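Chemist: Provided below for reference: sequence and predicted model.
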Amino acid sequence: MKDFKGKVAVITGGASGIGLALANRFGREGCRIMLADIEEEALQVAVDQLRGSGIEAEGHRTDVSDLHSVEGLRDRVNSTFGHTALLFNNAGVSITGPTWKMSPDDWRWVWDVNVWGAVNGIRAFLPDMIDRGEGGHVINTGSLASFNGNGDHAPYCSSKAALLGMSQSLYSEMAAMMTGIGVSILCPGMVATQIHRSWRNRPEADNAWSDREYADEAFRQGSEEFQGRGLSPEQIADATFDGVRNGSFYIFAGNTWSAFLAETMGRAMRAENPLVMTWGEDRRPLDERELLPWHAISGTV
Ligand SMILES: NC(=O)c1ccc[n+]([C@@H]2O[C@H](COP(=O)([O-])OP(=O)(O)OC[C@H]3O[C@@H](n4cnc5c(N)ncnc54)[C@H](O)[C@@H]3O)[C@@H](O)[C@H]2O)c1
């Protein structure tokens, strides 16, 4: 996609972090922005900020895990701006905990937002985009975790791996049908956003095991500091803009992702065991820990 002026961009999870940076980046290129987010107050603040920067923007409270809510978003876009050219399935949540301990609701919530959120976006928006025959682009926010499962992160990593498979399937379909609709998967390492505070948007009725850690002040402080060492959301948005303009399926950012992928994919190709990476309990002596992934993922080397 080369021409962004006046094009409508729908961005889920747009009130914070990577989504908001994407809104600013594509807005500066002339896109008209529809921000969708479950967090109403943050959504209004974000829309005000975009408008204050001279970007045409609207906001619509949306729960991406609910197809009806996403269809409501599509109807709002159609009645406000007209047809969608760029669809960013970006909303996502993350929790931590051992695979065998997290509750069914822990698993369900992460998959509902991260996987079903993107499925719902595609089901609601893509038929019109295909029918109009004017091309466009779908960008799903995956992660470096799409390529490797880390300890203490099973729902998140498995959901991001599912997004990779889904995005590859969609890419083939769009290319084979010659729709002119590009597909990308955005795969950041660690980014300084609010993802580590995902619990703030959790359904109240959930029986959450993973949320135990947020009662622990020291743990919370530690994850604030850790997350803050990531790349800036603006760096991710710049890489995404270049990727969409160039028609790239894989969009990475920073300068350490390729070392990480070479290690993880290389091990698979050689049928070697995976890297041992965990955010959780690690009883191995320090000198046996594989430190490469931390540097690669956080982009801090
Ligand atoms: N931050 C990182 O290190 C990192 C790394 C790789 C990938 N990602 C991915 O980037 C995407 C954006 O996350 P972020 O890091 O900017 O985090 P963030 O928490 O700053 O932003 C996520 C946004 O999604 C919204 N959201 C949550 N549940 C929703 C729902 N059900 N419906 C609609 N909106 C919802 C939140 O309110 C928030 O505004 C996610 O898909 C995340 O998995 C983040």
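Modeler: Okay, I see it. Bear in mind that the values here come from a model prediction, so they are computed numbers and not experimental data. Numbering: from 1, shown residues only.
Chemist: which residues touch T12?
Modeler: G19, A36, D37, T62, V64, L73, F88, N89, N90, A91, G117, G121 (Cβ atoms under 8 Å, 6 or more residues apart in numbering). C-betas here are computed from N, CA, C, even on glycine.
Chemist: Among the residues you listed, which are located in helices?
Modeler: Using DSSP state H, the subset of the contacts of T12 located in helices is G19, L73, G117, G121.
Chemist: The second one: how many residues sit nearby?
Modeler: Neighbouring residues of L73 were enumerated by other Cβ atoms under 10 Å; the total is 25.
Chemist: A124 too?
Modeler: Counted with other Cβ under 10 Å, the neighbours of A124 add up to 23.
Chemist: Now do it against D287, distance only.
Modeler: To D287, A124 is 51 Å away according to Cβ to Cβ, to the nearest Å.
Chemist: Same question for R123.
Modeler: When R123 is compared with D287 (using Cβ to Cβ), they lie 50 Å apart.
Chemist: again, but for A91
Modeler: From A91 to D287 the distance is 40 Å (Cβ to Cβ).
Chemist: between those two, who's got more neighbours?
Modeler: Neighbour totals were compared for A91 and D287, and A91 leads with 26 against 6 (other Cβ under 10 Å).
Chemist: What are the contacting residues of stretch 146-161?
Modeler: Against stretch 146-161 from outside (Cβ under 8 Å, 6+ apart): 92, 94-99, 102, 106-107, 110-111, 114-115, 142-143, 145, 163-164, 185, 187, 260-261, 264-265, 274-280, 282, 293.
Chemist: helix/strand/coil for V45?
Modeler: helix (DSSP: H, G, I helix; E, B strand; the rest coil).
Chemist: give me the number of residues near it?
Modeler: Per other Cβ under 10 Å, the neighbour tally for V45 reads 15.
Chemist: Name the nearest residue to it, ignoring sequence neighbours.
Modeler: Closest residue in space to V45, ignoring its immediate chain neighbours: A15 at 7.4 Å, by Cβ to Cβ, 6 or more residues apart in numbering.
Chemist: mind listing what the residue of the stretch 51-200 of the chain found nearest the ligand touches?
Modeler: The ligand sits closest to G92 of the stretch 51-200 of the chain, with a gap of 2.1 Å, by Cβ to the nearest ligand atom. G92 sits next to G13, V113, N114, G117, T141, S159, I195, S198 when contact means Cβ under 8 Å, 6+ apart.
Chemist: Point out the ones among those that are inside helices.
Modeler: Secondary structure from DSSP H places G117, S159 of the contacts of G92 in helices.
Chemist: filter the contacts of G92 by proximity to the ligand?
Modeler: G13, V113, T141, I195, S198 (Cβ under 6 Å from any ligand atom).
Chemist: For this protein, what lies in contact range of the ligand?
Modeler: So far as Cβ under 6 Å from any ligand atom goes, the chain lies against the ligand at 12-13, 15-19, 37-39, 42, 62-65, 90-94, 113, 141, 143, 188, 190-191, 193-195, 198, 201, 230.
Chemist: Of these, select the buried ones using a PyMOL command.
Modeler: Buried members of the residues of the chain next to the ligand can be picked out in PyMOL with the line below, counting by 16 or more other Cβ atoms under 10 Å:
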select buried, resi 12+13+15+16+17+18+19+37+38+39+42+62+63+64+65+90+91+92+93+94+113+141+143+188+190+191+193+195+198+201+230
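Chemist: which stretches of the stretch 1-150 of the chain form strands?
Modeler: Remark: strands assigned in the stretch 1-150 of the chain by DSSP state E, counting those that start in this stretch are 8-12, 32-37, 57-61, 86-89, 136-141.
Chemist: Could you dump these into a markdown table and include distance to A239 and mean pLDDT?
Modeler: Output for those, formatted as a markdown table (distance: least, Cβ to Cβ, whole Å; pLDDT from 0 to 100):
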| stretch | distance to A239 | mean pLDDT |
| --- | --- | --- |
| strand 8-12 | 16 | 99 |
| strand 32-37 | 19 | 98 |
| strand 57-61 | 22 | 98 |
| strand 86-89 | 14 | 99 |
| strand 136-141 | 11 | 98 |
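Chemist: R245 is nearest to which of those?
Modeler: Among the strands of the stretch 1-150 of the chain, the nearest to R245 by Cβ to Cβ is strand 136-141 (9.6 Å).
Chemist: Quick one: list the elements packing against that closest one.
Modeler: Identification of packing neighbours for strand 136-141 by 3 or more Cβ pairs under 8 Å, 6 or more residues apart in numbering; DSSP states H and E yields strand 86-89, helix 117-132, helix 154-176, strand 181-186, helix 233-246.
Chemist: which residues of the stretch 1-150 of the chain score low on pLDDT?
Modeler: Counting by pLDDT under 70, the stretch 1-150 of the chain contains no low-confidence range.
Chemist: Beta-bridge partners for the most centrally placed residue in the chain, please?
Modeler: The structure's the chain has its C-alpha centroid closest to T141; by Cα atoms, centre = their mean the separation is 3.2 Å. Beta bridges link T141 to L186 when assigned by DSSP bridges.
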